[in-house]
Every structure is written in structure tokens, then in C-alpha cells.
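Engineer: structure for this input, please:
(chains A, B, C and D)
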Protein chains: 2
Amino acid sequence: MSTANSSASAPQLQPPGCSIEAALEIVRDRWTILILRDAFRGIRRFDDLRRDLEIPRAILADRLRSLVESGVFVKRQYQQRPERFEYRLTPMGMELSPILVSLMQWGDRWLSGEEGPPRLLVHEPCATEIDMSFYCWTCEEAFTPSQISSQPGAVTAPAVHSQPALQSRPAVQSQPVLQEGDLKNNGATKS
Amino acid sequence: MSTANSSASAPQLQPPGCSIEAALEIVRDRWTILILRDAFRGIRRFDDLRRDLEIPRAILADRLRSLVESGVFVKRQYQQRPERFEYRLTPMGMELSPILVSLMQWGDRWLSGEEGPPRLLVHEPCATEIDMSFYCWTCEEAFTPSQISSQPGAVTAPAVHSQPALQSRPAVQSQPVLQEGDLKNNGATKS
DNA sequence: CCAACTAAGTTCAATTTACGAACTAGCTCA
DNA sequence: TGAGCTAGTTCGTAAATTGAACTTAGTTGG
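Structural biologist: Predicted coordinates:
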């Protein structure tokens, strides 16, 4: 909404330049995220969602409509007479899970009380706890966000040649996402 | 706000039972997330944020106040006469990065046009692209969200005994987070 | 000295959005 | 016949957002 997106009809033409902004246009607000959380829990129906979230009906209807429109959910009939529908995650929707898991793990780590996190997520086959911190497959080590840097992906102007993938060391103008000194200094520490 | 949190003074007493909900009370909305994105880019000052985001001043002030209050930012003076402040991520704030990275990667994958994602995130020392999908250190394999299950962490009632940590195979009542059949079925596919 | 400018806000009226309660539609069950 | 269920819509009020103007405190230029 801030980055003006004039043409109303064609959706997703002219992506907002930042994928976070683009994602946020679909993952609109708190309610949307809570709906998604419930979807991952297997709650698929209007009234089940409404009861579980205590969300106003009008808002639930609106968010579901919007999520279907953007391809995160499919609305499918599960019974005729009377017609009843449920909302199921598409593959696009399923892939939102890292966002939810990250949110949950951050909440677990920084907001849960003495008793520890309310629920744990595990890899089902082996019950190993899921951990979403950063790991580099080249260096074979975990790293902190201060070691993340960003580099231009696609050029907005028509690409001159298809780049030969990013392998080894591009070494092009990469800018540190995070200045040094951010990790140091003050602020509460935990664990 | 839906899950009533009566006492205003004491913060974070009575966590909302779900860490996602708890996290969302701090990561309130689109603006907050965009402010955080900019913070990770090194933008620290009121007017720089305002210019970059084109966010209404009142909202920026409110969100910064709220983020400082919750411990995500520290407000620190960078000059006297006139007094000027900047907002810096605390360690708690830094750890929000997986959420932003997940959002960005989802946007990259599902919302970017023909030209591909606008920017790539890489591990600075080696320029390896960052990938936030799930990986199990026990099974030594990547897995999809359908293999995530959740199990009770802390009990809300006073803990009877400190549990001997979760190791090997708890095997207690774990419920699949995602029903089978969610991954299958319809919906757009990509890549 | 005066005017213009900067940074970090606050205040205010107008608009938008959210909220809760009531209502509708279509059907089932007793 | 009447109550109940699911999936909504409608509507009046309450709250949040928005953009513009104003404030405070100091700096810079002429």
C-alpha cells in the first residue's frame, strides 16, 4: 500500500521490489497468521476457525477470501446439500511453515515463562526438536545474522544474459545486511 | 488482544499459551515488520525510517515505542544538543532474523516475477546462498512441514518435577501438526 | 540577528478498518 | 414444527490509520 501499486486488475505484476513487502501483502496481519497456524494444525472450516480464534466472522470471511485469491488456500466443497466448503493449504501455503516455525521459536525463546515453551516442534520420524537457526553448507557451521549479507539478485531492467547460477564466490558488490556493532552493545540477554 | 491480557503494568506474565500468538503481540503488523527489515539493513533513525518506509510519523513513533518497550530495540542517544536518538536491535531483536528471512524467501519463491528474486541473502564469508528449509540433524535429511509434529512442552499447571530434558525418543502423545493429504491434492505448483 | 533547515516527535480531523451483534440461507434431525 | 448447524452477510459503533500541520531544540548561512 505504501509502494503504490496502481493497476488493480492484474495481480502480482510489478512486484514491490522487496520480497518481504511482497510477502506481507499476502500475509496481511495477525489474524491471517493465526488462520495459517490453525490451518497447519488441521483446522479447515469456517466455524472451527471462528470458534478457535474467536475472530469476528466478517474478518474471517475476508481473510479467507483473500488467502484463496492469492493462492495460499484452495476452497473445496466437502459436502453438498447444503453446500459446505473447507479451506486447504496449497503447496504455496504449506511453504509458509518456516515463517510460523520461526515466529514460534522466537516466542518460545524470548517470551515463554519459567515453565518453558508451551509446545515443542519435532521431526516426526525421530522426535528431534526442530531448530531454525542459520547453517552454512559450504562452511559447515552455524552462523548469526551479522554474517548475512545481501547481493543483487535479478536486475529490474531486462536481463542481458541468464547468469550461470551463483556458485563458488560471486564477490560482486555485496552489502552487509547488518552493521558490526549491532550484536555487541546493550540490551537484555537470555540463556 | 483477543486473548484478554488484563494487568497492564506487568509485562509478559501469563503467556498466551501459544508462542506464535505471543510473538505476534510484539511483531504487531506490517509496519513493525518493515521497520525491523530496515533495522537489519542498518537504518536506525526516526527520519531515515520515515523516509524509507513512507510511514506516517505517528505510527512510526508508536511502533518504535512499542518495540523498545518489548525489548526488541534499545533507544540510545547518538548526539546531545539537540538530543537525538537511534534505535538499535537488541540480541532479542536480532533473533527475529529467521522470521524476516523466511518471509523473504517465501516471497522470492512464490511472488517474484520472471526475472527472479530481487535480492539474495548469502553467508558472507563464503557467499553461499541462505536456505531456511527444514533439516533434521538426527536423520540427516531435509523434510517437509508434513513431517513436523508437536508435543506438549511445559505444562501450564505448576510443574511437579523438573523434566529430565527431552532427549532421544519421548514418544509421548505427539500430534501431527499437519494431516496427511494437505501436501497432496490441488493448488498451484511452482518450480 | 534573521531565515531556513534538520531531527524527532505530537496533535488533530477525516477516513478506513475492526468489532460484535443480529440476521440470512439452506439444510438436518427429533 | 421447531431447534440446530454451517457459512456467511449486514450494520452501527469503536478503534486505528493517515496526512497535514505544528512543536521543540538546535544548527547553518548570509
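
Engineer: make it CA atoms for all contacts and neighbour counts henceforth
Structural biologist: Noted.

Engineer: which elements pack onto the lengthiest helix in chain A?
Structural biologist: The helix of greatest length in chain A, counted in residues with DSSP state H as the criterion, is given as helix A:97-111. Contact partners of helix A:97-111 among helices and strands, from 3 or more CA pairs under 8 Å, 6 or more residues apart in numbering or on different chains; DSSP states H and E: helix A:30-41, helix B:19-26, helix B:97-111.

Engineer: again, only using 6 Å
Structural biologist: Using 3 or more CA pairs under 6 Å, 6 or more residues apart in numbering or on different chains; DSSP states H and E as the contact criterion, the secondary-structure elements in contact with helix A:97-111 are helix B:19-26, helix B:97-111.

Engineer: ok, which of those helices comes nearest residue A:59?
Structural biologist: Residue A:59 sits nearest to helix B:19-26 of all those, at 17.5 Å, using CA to CA.

Engineer: what's in contact with the closest one?
Structural biologist: By CA atoms under 6 Å, 6 or more residues apart in numbering or on different chains, the list of residues contacting helix B:19-26 from outside reads A:103-104, A:107-108, B:16.

Engineer: name the residues of that helix that are buried.
Structural biologist: B:19-24, B:26 (16 or more other CA atoms under 10 Å in any protein chain shown).

Engineer: how about the residues of chain A that lie near DNA strand C?
Structural biologist: Counting by CA under 7 Å from any atom of the strand, the residues of chain A close to DNA strand C are A:54-59, A:81-83.

Engineer: okay, the helices and strands packed on helix A:97-111 in TSV with mean pLDDT next?
Structural biologist: What follows is the helices and strands packed on helix A:97-111, written out as TSV (pLDDT from 0 to 100):
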stretch	mean pLDDT
helix B:19-26	96
helix B:97-111	96
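
Engineer: okay, those helices in a markdown table with distance to residue B:48 next?
Structural biologist: Output for the helices and strands packed on helix A:97-111, formatted as a markdown table (distance: least, CA to CA, whole Å):
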| stretch | distance to residue B:48 |
| --- | --- |
| helix B:19-26 | 22 |
| helix B:97-111 | 20 |
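
Engineer: want to try TSV for the ones you listed, with distance to DNA strand D as columns?
Structural biologist: What follows is the helices and strands packed on helix A:97-111, written out as TSV (distance: least, CA to the nearest atom of the strand, whole Å):
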stretch	distance to DNA strand D
helix B:19-26	12
helix B:97-111	19
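
Engineer: now do the contacts for residue A:72.
Structural biologist: Under the criterion of CA under 6 Å, 6+ apart, the contact list for residue A:72 reads A:89-90, A:92-93.

Engineer: list phi and psi for residue A:151.
Structural biologist: phi -140, psi 150 (degrees, to the nearest 10).

Engineer: any residues touching stretch A:104-114, and which ones?
Structural biologist: For stretch A:104-114, the surrounding residues in contact (CA under 6 Å, 6+ apart) are A:117, B:19-20, B:22-23.

Engineer: convert stretch A:144-154 to PDB, retaining C-alpha atoms only.
Structural biologist: What follows is stretch A:144-154 as a C-alpha-only set of coordinates in PDB (Å, rounded to 0.1, in the frame of the first residue of the first chain):
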ATOM      1  CA  THR A 144      24.500 -15.400  13.300                       C
ATOM      2  CA  PRO A 145      22.500 -12.800  11.300                       C
ATOM      3  CA  SER A 146      25.500 -10.500  11.400                       C
ATOM      4  CA  GLN A 147      27.100 -12.800   8.900                       C
ATOM      5  CA  ILE A 148      24.300 -12.500   6.400                       C
ATOM      6  CA  SER A 149      24.900 -10.200   3.500                       C
ATOM      7  CA  SER A 150      22.700  -9.400   0.600                       C
ATOM      8  CA  GLN A 151      23.600  -9.100  -3.000                       C
ATOM      9  CA  PRO A 152      21.500  -8.100  -6.100                       C
ATOM     10  CA  GLY A 153      19.500 -11.000  -7.500                       C
ATOM     11  CA  ALA A 154      17.700 -10.000 -10.600                       C
END
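
Engineer: how about it and chain B, touching?
Structural biologist: Yes. Shown here: stretch A:144-154 in contact with chain B (CA under 6 Å from any CA of the partner chain) through A:147-154.

Engineer: rewinding a little: which of the residues of chain A next to DNA strand C tops the neighbour count?
Structural biologist: Using other CA atoms under 10 Å in any protein chain shown as the neighbour test, these are led by residue A:55, with 17 neighbours.
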